[in-house]
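Asks: Sequence and predicted structure, then a few things I'm wondering about:
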Amino acid sequence: MVRFKQEKPGEDFVVVAHELQHNHELVIQQEIHHLKSERKITEQKGQLIQTMVESGIKPMHAYNFLCHEAGSEEVVGHTKRDHLNYITQYRTRLVEGKDMQSVLDLLQQRADDDPAFFYRLKFGEHNNIVSYFWRDSMMLEDFKAYGDVMIFDTTYRTNKYGLICAPFVGINCHWKTTMFACAFITNEKEESFEWLLETFKRAMCQQEPKTIFTDQDKAMGNAIEKVFPNTRHRLCLWHIEKNFVSHFGSLKTNEDFKNMFKNCLMGCQNESGFEELWAKMMELYGHEKKNGSSKYMIRDTSGAPH
């Protein structure tokens, strides 16, 4: 311990007391397992973690199992962060090794069997594959027949490699979902979406959808505007329903307003009916109240027409 003191503002500090001997433990017993020198994933433990990962056990469930077997989190030998980092490194090795080669072999085999099969790879800065895209001949024919309206959405890192699945889907004449193409990407940046949409456009012989439905991802919207400038971009109703409450402010507890808003979304049979109902809703809730006590505002945050 050392203590300094300043007699007057502006003067130098002077040492008034010091203690050279430690009078307490450097680390309390309950925190020793956080020290780097005390943390290690042994080869045997690593093999057990890999086995659980390959069996589909979630990372935190695997960590809790190890803690239970060891007796407590303090004696398991590594922290949660060490555990998650180890799994990430292991999955990266899988992608860079045999699993990625298996994917490439399968894509090439499909191309050999189907002359119209189309696939493309995107490489990163270190010459590693960061995204890949494919569609077969049947997907192409389906898009030519039913591709006027397309849905483009991403499922966020639901697979064990942490990749983002990006399917292109539509509806056929039997009201069944049909897939036009599929891809896996590593991030949802605008440049990634641009590459993906450009590749899709090339795979579909430069044919563009007339309407595309997506969620409210800004990067995705910017990429669509660049690659498909003539395509109508609309937001998915499911995503609107999930998010609109956060924009209602004090109106989110007003059941009459919420019912009227839902009728605007799903209850109108034609454009004129929607415009009439929307105008009525704006008259009731969209302007400043006459008494000035509060303001109810409805904003279109999508940037698209109603």
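Replies: Noted; the coordinates are in hand.

Asks: Domain ranges for the chain, per the record?
Replies: 2-96, 115-235, 247-306 (automatic domain parsing).

Asks: can you tell which of those domains is closest to L107?
Replies: When these are compared by C-beta to C-beta, domain 115-235 sits nearest L107, at 4.7 Å. Any C-beta I mention is one placed from the backbone N, CA and C, and that applies to glycine too.

Asks: Can you give me the end-to-end span of that closest one?
Replies: 35 Å (C-alpha to C-alpha, to the nearest Å).

Asks: Could you do stretch 21-35 as well?
Replies: With C-alpha to C-alpha as the measure, stretch 21-35 spans 22 Å from end to end.

Asks: And the average pLDDT for it is what?
Replies: Mean pLDDT, stretch 21-35: 73.

Asks: Next: stretch 192-210.
Replies: Here the average pLDDT along stretch 192-210 is 94.

Asks: Report the distance from that stretch to the chain centre.
Replies: Here stretch 192-210 shows a centroid-to-chain-centroid distance of 21 Å under the convention C-alpha atoms, centre = their mean, to the nearest Å.

Asks: Residues contacting that stretch, please?
Replies: Outside of stretch 192-210, the residues within contact range by C-beta atoms under 8 Å, 6 or more residues apart in numbering are 118, 120, 122, 131, 133, 135, 140, 143-144, 147-150, 166, 168, 180-181, 183, 185-186, 219-220, 222-224, 226-228, 230-232.

Asks: now with 6 Å?
Replies: Stretch 192-210 has contacts (C-beta atoms under 6 Å, 6 or more residues apart in numbering) with 118, 120, 122, 133, 135, 143, 147-148, 150, 181, 183, 185, 219-220, 223, 227-228, 231.

Asks: cool, stretch 229-247 as well?
Replies: E208, P209, T211, I212, F213, D215, Q216, I224, K252, S302.

Asks: And those residues, which is closest to N127?
Replies: Nearest to N127 among the contacts of stretch 229-247, with distances taken as C-beta to C-beta, is I224, at 29.3 Å.

Asks: In contact with that closest one: list those residues for me.
Replies: I224 sits next to H233 when contact means C-beta under 6 Å, 6+ apart.

Asks: ok, of the contacts of stretch 229-247, which come out buried?
Replies: Neighbour counting with 16 or more other C-beta atoms under 10 Å marks E208, P209, I212, F213, D215, Q216, I224 as buried within the contacts of stretch 229-247.

Asks: Now render those residues as a markdown table, adding distance to K80 and secondary structure.
Replies: Shown next, in a markdown table, are those (distance: C-beta to C-beta, whole Å; DSSP: H, G, I helix; E, B strand; the rest coil):
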| residue | distance to K80 | secondary structure |
| --- | --- | --- |
| E208 | 47 | coil |
| P209 | 44 | coil |
| I212 | 41 | strand |
| F213 | 39 | strand |
| D215 | 31 | coil |
| Q216 | 33 | coil |
| I224 | 39 | helix |
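
Asks: Going by distance to G162, which of the residues you listed wins?
Replies: Nearest to G162 among those, with distances taken as C-beta to C-beta, is D215, at 19.7 Å.

Asks: Find the nearest non-adjacent residue to that closest one, please.
Replies: In space, not counting the residues next to it along the chain, D215 is nearest to H239; the distance is 4.4 Å by C-beta to C-beta, 6 or more residues apart in numbering.

Asks: now the helices for the stretch 101-250 of the chain?
Replies: 137-146, 190-203, 218-227, 237-243 (DSSP state H, counting those that start in this stretch).

Asks: how about the closest residue to T186 other than its chain neighbours, what does it touch?
Replies: With sequence-adjacent residues excluded and distances taken as C-beta to C-beta, 6+ apart, T186 is closest to V130, at 4.7 Å. Taking C-beta under 6 Å, 6+ apart as the contact definition, V130 lies against K122, G124, T186.
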